[in-house]
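Student: One predicted model, sequence on top.
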Amino acid sequence: MSQPPKPEVDDSPYISEFANQHIETTGEKFVRKFKQNPFVPIGLGLTGVALVGGLIAFKSGHQRWSQNFQRMRVGFQGLTVAAMVGGALVMETLTSDKADDGKKK
């Protein structure tokens, strides 16, 4: 038994739509996201610094320093989550405003 011939498909309209699109690199995406909401990466960095500082203090036997670093870490984590939620709310407001402007025209 032979296979029935496959119908020929014209892909040119689909290919032409995506031919000129720029593929975003990881660095470009980081810069774009940092510009949109700079508090999240800053909070992540501060959380990491507090975590590493707490681990170093714990290993060296400084209990008070270790406890303070861990409290800072929890605080920075909370601020980072708040920045993520706040950024999401701001982006939602901006996109809904743009959608409303498009409907008015």
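Tutor: It's in. Residues are numbered from 1 along each chain as shown.
Student: Apart from its chain neighbours, what residue comes closest to Thr47?
Tutor: Spatial nearest neighbour of Thr47, chain neighbours left out: Phe76 (4.2 Å); criterion: C-beta to C-beta, 6 or more residues apart in numbering. Every residue, glycine included, has its C-beta placed from N, CA and C.
Student: for Ala83, that is, sorry about that
Tutor: Leaving aside its sequence neighbours, Ala83 sits nearest to Phe39 (C-beta to C-beta, 6+ apart; 3.7 Å).
Student: Against which helices or strands is the helix ranked longest in the chain packed?
Tutor: Ranked by residue count and defined by DSSP state H, the top helix of the chain is helix 63-104. Here helix 63-104 is seen to pack against helix 39-60 when contacts are counted using 3 or more C-beta pairs under 8 Å, 6 or more residues apart in numbering; DSSP states H and E.
Student: how far is the helix it packs on from where the chain is centred?
Tutor: 20 Å (C-alpha atoms, centre = their mean, to the nearest Å).
Student: Pull out the buried positions in it.
Tutor: For helix 39-60, a neighbour-count test (16 or more other C-beta atoms under 10 Å) marks 40, 43, 46-47, 50-51, 53-54, 57 as buried.
Student: Need the worst-confidence member of those residues.
Tutor: Within the set of the buried residues of helix 39-60, pLDDT is lowest for Val40 (91).
Student: Specify the local secondary structure of Ser2.
Tutor: coil (DSSP: H, G, I helix; E, B strand; the rest coil).
Student: err, Asn20, not the other one
Tutor: Under three-state DSSP, the three-state class of Asn20 is coil.
Student: Any chance you could list what contacts stretch 69-88?
Tutor: 36-37, 39-40, 43-44, 46-47, 50-51, 53-54, 57 (C-beta atoms under 8 Å, 6 or more residues apart in numbering).
Student: Which residue lies nearest the spatial centre of this protein?
Tutor: By C-alpha atoms, centre = their mean, the chain has its centre lying nearest to Lys33, at 6.0 Å.
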